[in-house]
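1. I would like to see how this sequence folds:
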Amino acid sequence: MIEATTLTKRYGAKTAVDGVSFAVRPGLVTGFLGPNGAGKSTTMRMIVGLDRPTSGRVTVNGMPYAEHRSPLHEVGALLEAKAVHTGRSARNHLRALAATHGIPRRRVDEVIDLTGLHSVAGRRVGGFSLGMGQRLGIAAALLGDPATLILDEPVNGLDPEGVLWVRGFVRQFAAEGRTVLLSSHLMSEMALTADHIIVIGKGRVIADAPVGDIVGSTKTYVRVRSPRIDEIARRLGQPDVEVTSTAADTIEVRGITAEVIGDAALQLGVALHELTEITGSLEDAYMDLTRDEVEYRTTVGASAASAASAGPSAPSAASASTEGALR
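-> I've put the predicted structure just below:
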C-alpha cells in the first residue's frame, strides 16, 4: 500500500507537488493520470526516495521507502527505462541488480522468461529497441517479487502483444492482493486496465475515485443528423436542453433522450439520418477534469478550418503547430 499525506515538493519558487494526499490500495490497479508538468513524475520519485519531500510524508507498505531494509522486495519501480548500463547485456544488468539484494540467479532467469526477453538476454542493452528497453525495466521491477509495483508509461514502445501482456500481468498482480500504481497517457488502455483513478493537475489531486465513477461523471449526449436539422434544433429549444451544432446537418443534444428527439422529428415529419446516444469515456472525463490544469495547450480551430477550405494540398497550420509542440 502507498499512502501520501500532504506531500509537497518545491524547487525554488516553483511548487511541483502541492499538498497531495492519496492512498493506493492493495488488490486494485490504480491509474495515475495528469497533464505534462502536473507533478506525476515528481510524486513517483518521492515515493521511491529519489526526491525528498519539502514537507509531508509518503510511505510504502507502512514506512518510507528509504527505511526498508530490502526495498526491491517491497517495491518494484519502472520510472526510467533508459537508466541502465548500455554496455551490459540484459542478463548481466539484472544479475547486478539482483546481487545488491542477495536475489538468486534463478530469479533473474524467471523474470527474463516472464517478460519475453529470453531471445535477447545476451545482447547489449545499448542496442535495444524502445519496447525491449521497457520489458527490461519491467523485469528489473519484478526481480524482488515485490508487494508493490510502480510503473510509469510501461506500454510505451510496446507492440500490441506486449501491451496486452502488460494489461493482463498488472491485473493478475493486483488480483493476488498486491498494490499497483500505473501511470500512462493512453486513456483507452487505462480504461481497460485500471480499477481506480487518481488525477493530478498543477501539483494537486483533482480526482480520486473508481473508474466507473469518473466516467459516469461525464455527460452523455445524442448526435442527430438530418437534412432539416434546423427545424429539429428549433423544436428542441428549451431552457434545460443544450443543442450544439457540429456540422451543417448535425447537432449534439444534451438534456433529453434519443426517444424524445425521435418523437419530435416524427411530429415534424422530418427524416433522421442518424440518432445516436454517445456515452462518456475515460478520455472525455479526463479532458473535462484537466481542462484548466494543462501547462501547455495547442489550439485547433479556425486555422484548421482555414487550411481545410484552402484544399487538401495546403498544410494545416494547426497540425504543424501541434506537431512542433509535441516533439
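2. which residue lies nearest the spatial centre of the protein?
-> Centroid-nearest residue in the chain: Ser184, 3.0 Å away (criterion: CA atoms, centre = their mean).
3. contact partners for that one?
-> 31, 33, 153-155, 190 (CB atoms under 8 Å, 6 or more residues apart in numbering). All C-beta spots, glycine's among them, are computed from the backbone N, C-alpha and C.
4. now Ile278
-> By CB under 8 Å, 6+ apart, the contact list for Ile278 reads 220-223, 252.
5. swap in 10 Å and give it another go.
-> For Ile278, the contact set (CB atoms under 10 Å, 6 or more residues apart in numbering) comprises 218-223, 252, 254, 258, 284.
6. Arg135 and Gly116 touch, don't they?
-> Yes: applying CB atoms under 10 Å, one finds Arg135 in contact with Gly116, separated by 6.1 Å.
7. sorry, back to before: look up how far Leu28 lies from the residue nearest to the centre of the chain.
-> Ser184 sits 16 Å away from Leu28, going by CB to CB, to the nearest Å.
8. find the nearest non-adjacent residue to Met51, please.
-> One correction, residue 51 is Asp, not Met. Nearest non-adjacent residue to Asp51, counting by CB to CB, 6 or more residues apart in numbering: Arg45, 4.2 Å away.
9. and the one you found, that one's in a strand?
-> No: counting by DSSP: H, G, I helix; E, B strand; the rest coil, Arg45 is not part of a strand but helix.
10. show me the contacts for it.
-> Counting by CB under 10 Å, 6+ apart, Arg45 touches 9, 16-17, 51-52, 77, 79-80, 152.
11. among those, who's most crowded?
-> Val17 (29 neighbours; other CB atoms under 10 Å).
12. let me know the closest of the contacts of Ile278 to Val211.
-> Using CB to CB, Thr218 is the member of these that lies nearest Val211, at 11.9 Å.
13. surely Asp195 and Pro210 touch.
-> Yes: between Asp195 and Pro210 there is a contact at 6.6 Å, judged by CB under 10 Å.
14. what touches both of the two?
-> Joint contacts of Asp195 and Pro210 (CB under 10 Å, 6+ apart) are Leu28.
15. who's more crowded, these two?
-> Remark: of Asp195 and Pro210, Asp195 carries more neighbours, 16 against 13, as counted by other CB under 10 Å.
16. hmm, back to that, can you select the buried ones from the contacts of Ile278 in PyMOL?
-> Selection command for PyMOL covering only the buried members of these, criterion 16 or more other CB atoms under 10 Å:
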select buried, resi 218+221+222+223+252+258+284
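17. restricted to strands, list the contacts of Ile278.
-> Residues of the contacts of Ile278 located in strands (DSSP state E): 221-223, 252, 254.
18. farthest pair in those?
-> Distance extremes for the ones in strands among the contacts of Ile278: the farthest pair is Arg223 and Arg254 at 10.8 Å, using CB to CB.
19. measure how far the longest helix along the chain is from the centre of its chain, please.
-> Across the chain, the longest stretch assigned as helix under DSSP state H is helix 160-175. The chain centroid and the centroid of helix 160-175 are separated by 15 Å under CA atoms, centre = their mean, to the nearest Å.
20. circling back: between all of the contacts of Ile278, which two are separated the most?
-> The span of those, defined through CB to CB, is set by Ala258 and Asp284 at 18.2 Å.
21. quote the end-to-end distance of stretch 271-283.
-> End-to-end span of stretch 271-283 (CA to CA, to the nearest Å): 32 Å.
22. I should have written stretch 274-287 there, sorry.
-> Span of stretch 274-287 from end to end, CA to CA: 26 Å.
23. next: stretch 90-110.
-> End-to-end for stretch 90-110, by CA to CA: 13 Å.
24. what mean pLDDT does it get?
-> Summarised as a single mean, pLDDT over stretch 90-110 is 94.
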